[in-house]
Every structure is written in structure tokens, then in C-alpha cells.
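S.K.: Show me the folded form of this:
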Amino acid sequence: AAGSQRRRALFIGYGAVLAAALAGRIVAGIGVAPRLYFDGGDAPVAALSLLGHYAGLLVQPESRALYDHLTPAAPSLWTALGGGVLLAGLGAAWALRRDALAGFGLLAAGLCLAPVLHLVPLPALAAERYLYLPLAGLALVAAGGVDRVGARLAAVVAAVALALGALSATRSLDWRGETALWGAEVSRPHASYK
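M.R.: Modelled structure (predicted):
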């Protein structure tokens, strides 16, 4: 029991340090960086829209353009999806409050995802690479979740993970070289002007 409490205190301590660093960066970024894609008052809607976009990117990695066209300041289906993901994340945080590994993974995913939701203005509106660090936290959540379920449900989770891995592998073929990547981008009907 003492070891479990020590681990929990360590995770909370790391989380507090990460949260303080993120809060400082957000405050500094909002103060000095210009808004490139929307006005400051539209930041909450834009953050939900981008959260929905990234949730879609996790489920369909092979169908996304490198830079998708989003109008983040206007409420849309992306905004609704982002709101659903936010509510699901809060529910998962409550459900996982006693699971140190999964809880830490959820905290890390949220802290790594927050800046790319343009709480701190960034030069690109959305990009696949912005999901690399949040995915590490989500992998910890998935690992903690598999430990909690029975063998049958764990097999379903493994099958879903393999299917999503296959979709991701399909998309990774576009990244084998610059010609393949930009050829794939230009061939999309909504090819980015970038």
C-alpha cells in the first residue's frame, strides 16, 4: 500500500510540474503570439474543433490530408465531436482516478494535446505530427484499460488496435519520401494550397 501511495504521489507531482509548465507557456504564448487562424475570442470553439479533428485523425489516419481545411472559429460537426471527446475524457479521468498508470497516461495525453489545440498559437493549424506525444499517453491509458477488463474484451481491444495499426501503416506509406507524400496530398480532392 505504501508503494502504491508513493507512485501515486510521484505521478501527481509530475503532473503538477507539467501542468505548471504548460500554464506558463500558454500565458506567455497568448501574451506575445499573434492569432494566425482565428481571433482570441474564438479560441474555445477552435480548441473543440481541433480536438474533434484529432479524434477523427486517430480513427481514420489514412484518409486525412497533411493539412486539412478547417474553419475552427465556426461551430461544426468537428466542434460537436470535440465536445464529445472532452466529455469522454473527463469521464475516463473520473473512472481511472484510482489507476495510477492509466490516470497518468490520460493526464500526459491531455497536457501534450492542449498546446496543439491552439491555446498557444502555432504556425500550422493542424498536423499529424502534433499527435505523437499525446499518443504515448493514450497508449498508457489503453494498457491500463486492458489490465482491467476480461480476456474476451481484451481480445476485442487487441483486434481494434490491430485494425487501427493497419490504417496507420497504410497512411505511413505516403511518408516514405517527399515525392510520395506530396503526390498523395495533391491527389486529394481538397488538396491544400500549401
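S.K.: Could I get the contacting residues of the residue lying closest to residue 99 once chain neighbours are set aside?
M.R.: Nearest residue to residue 99, sequence neighbours excluded (CB to CB, 6 or more residues apart in numbering): residue 144, at 5.0 Å. The C-beta positions use only the backbone N, C-alpha and C, and glycine is treated the same way. Listed by CB atoms under 8 Å, 6 or more residues apart in numbering, the contact set of residue 144 reads 96, 99, 101, 102, 103, 105.
S.K.: Just put those residues in a markdown table and tack on distance to residue 17, neighbour count and pLDDT.
M.R.: What follows is these, written out as a markdown table (distance: CB to CB, whole Å; neighbours: other CB atoms under 10 Å; pLDDT from 0 to 100):
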| residue | distance to residue 17 | neighbour count | pLDDT |
| --- | --- | --- | --- |
| 96 | 20 | 20 | 78 |
| 99 | 21 | 18 | 80 |
| 101 | 18 | 15 | 80 |
| 102 | 20 | 25 | 82 |
| 103 | 16 | 22 | 82 |
| 105 | 16 | 24 | 86 |
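S.K.: Return the closest of these with respect to residue 156.
M.R.: residue 102 (17.7 Å; CB to CB).
S.K.: I'd guessed the closest one sits against residue 146; true?
M.R.: No. Residue 102 lies out of contact with residue 146 (CB atoms under 8 Å); the separation is 9.7 Å.
S.K.: what's the nearest residue to residue 85 if we skip its chain neighbours?
M.R.: What sits nearest to residue 85 in space, not counting adjacent residues and going by CB to CB, 6+ apart, is residue 55, at 4.7 Å.
S.K.: can you check residue 157 too?
M.R.: Per CB to CB, 6+ apart, closest to residue 157 is residue 146, 5.5 Å.
S.K.: cool, residue 102 as well?
M.R.: That would be residue 144: by CB to CB, 6+ apart, it lies 2.7 Å from residue 102.
S.K.: Please report the distance of that neighbour from residue 156.
M.R.: 16 Å (CB to CB, to the nearest Å).
S.K.: So what's the residue count around the residue nearest to residue 157?
M.R.: 16 (other CB atoms under 10 Å).
S.K.: Give me the distance between it and residue 59.
M.R.: Counting by CB to CB, the gap from residue 146 to residue 59 is 19 Å.
S.K.: and if you look at residue 159?
M.R.: From residue 159 to residue 59 the distance is 15 Å (CB to CB).
S.K.: Over to residue 118?
M.R.: 21 Å.
S.K.: Look at the two and report which has more neighbours.
M.R.: The neighbour comparison of residue 118 against residue 59 (other CB under 10 Å) goes to residue 118, with 24 against 10.
S.K.: And the closest residue in space to that one that isn't next to it in sequence, what's its pLDDT?
M.R.: Distances taken as CB to CB, 6+ apart put residue 46 closest to residue 118, at 5.6 Å, once the chain neighbours are dropped. Per-residue confidence at residue 46 stands at 85 (pLDDT).
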